[in-house]
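J.: Any chance you could fold what I've pasted below:
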Amino acid sequence: MHNSFLAFLCLCFCTVLKGQALYGTSGLLHMPTADMQKDKTVMLGGNVLDKHPLSTYWNNKNYTYTYNYYINVTIFPWLEVAYTCTLVKGIHGSSYWPQQTWGRFTNQDRSFHFRLRAWKEGWWKAWTPQVVIGANDPGSHSSNGGGDIDWGGGGSGNHNYLTRYYLAATKHVEFSGIGTVGVHVAWVIGKAMSDVHYSRPAAGVNFHFGMKGEGFWQKALNGFNLMAEVCPGHAEDLHTATYTVNVGGTYSIWKDHINLIAELNNGKFFSGGIFFKLHLK
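T.: Predicted coordinates:
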């Protein structure tokens, strides 16, 4: 009984997104994929984020964790857009931030995201993958909510701390009565402001349970979408491009309308959150 309970705790901790909801978009945990939401899907969510996966703007002594919230809309089956706000603190000793804001959440970084499906899975042959192109935070935004575009990675008075572009491919394999495996590969170009720039591949897998039957355990397992990925990151010094191995996933509490998220970035830094999903048709 004791061993069974420990196994259950491990399962819950390591698995609790059709993901990338930590960014506010579809994908795995941090890795982009070619998965798309259903047409006319709206997602509202928020997360508690460990500082280590984030850019230098948050990865400093002012933070252990920060928070974000977002709205995501799949306008067409081939187009998804999102708007994400990530909270920021006044920096200790800064001449820009008033002293009363030092160490307190007092502002937010605004970012837009989009994903465009270029090729649907199985369009030509059954084995052909789905292909998506996309961007996180492609335009820089001033601290007062402006929208000046600077494709080069940052401009005077503007911030794009989450900027990256990607091409992703996804193929699903269904195991009848058990679940579906998703295999994902991507090429990611990172251009976040004040952070290491890179152009590197990423790969990941997910397993979404699809057990047959109406029993309690079948329904409980079918809420899990487990994920693992190897994707570009940065080293502790924030100057060297490297890779992180991330594990986690989502758990659907109620018919895919309420979903929990959890991840261990690089196997040790916890982030988690919740998102609500509405299907408008």
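J.: Low-confidence stretches in the protein?
T.: Scanning the chain for pLDDT under 70 picks out the ranges 1-21, 139-159, 236-238.
J.: the helices in this protein, which residues?
T.: Along the chain, the segments classed as helices by DSSP state H run 2-14, 216-221.
J.: Send me the last one as PDB with only the CA atoms.
T.: What it means is helix 216-221. Listed next in PDB are the C-alpha coordinates belonging to helix 216-221 (Å, rounded to 0.1, in the frame of the first residue of the first chain):
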ATOM      1  CA  PHE A 216     -13.300   5.400 -12.300                       C
ATOM      2  CA  TRP A 217      -9.700   4.500 -13.000                       C
ATOM      3  CA  GLN A 218     -10.200   4.700 -16.800                       C
ATOM      4  CA  LYS A 219     -11.700   8.200 -16.500                       C
ATOM      5  CA  ALA A 220      -9.000   9.300 -14.000                       C
ATOM      6  CA  LEU A 221      -6.200   8.100 -16.300                       C
END
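J.: Do I have it right that Asn225 meets Val181?
T.: No. Counting by C-beta atoms under 8 Å, Asn225 stays clear of Val181, with 11.1 Å between them. To be clear about C-beta, it is placed using only N, CA and C from the backbone, and glycine gets the same treatment.
J.: Of these two, which one has the most company?
T.: Asn225 (26 against 14; other C-beta atoms under 10 Å).
J.: I'd like to know how far the more buried one sits from Ser252.
T.: In this view, Asn225 and Ser252 are 8 Å apart by C-beta to C-beta, to the nearest Å.
J.: swap in Ile75?
T.: Distance from Ile75 to Ser252, by C-beta to C-beta: 23 Å.
J.: Next, show the common contact partners of Asn225 and Val181.
T.: Common neighbours of Asn225 and Val181 (criterion: C-beta atoms under 8 Å, 6 or more residues apart in numbering): Asn206, Phe207.
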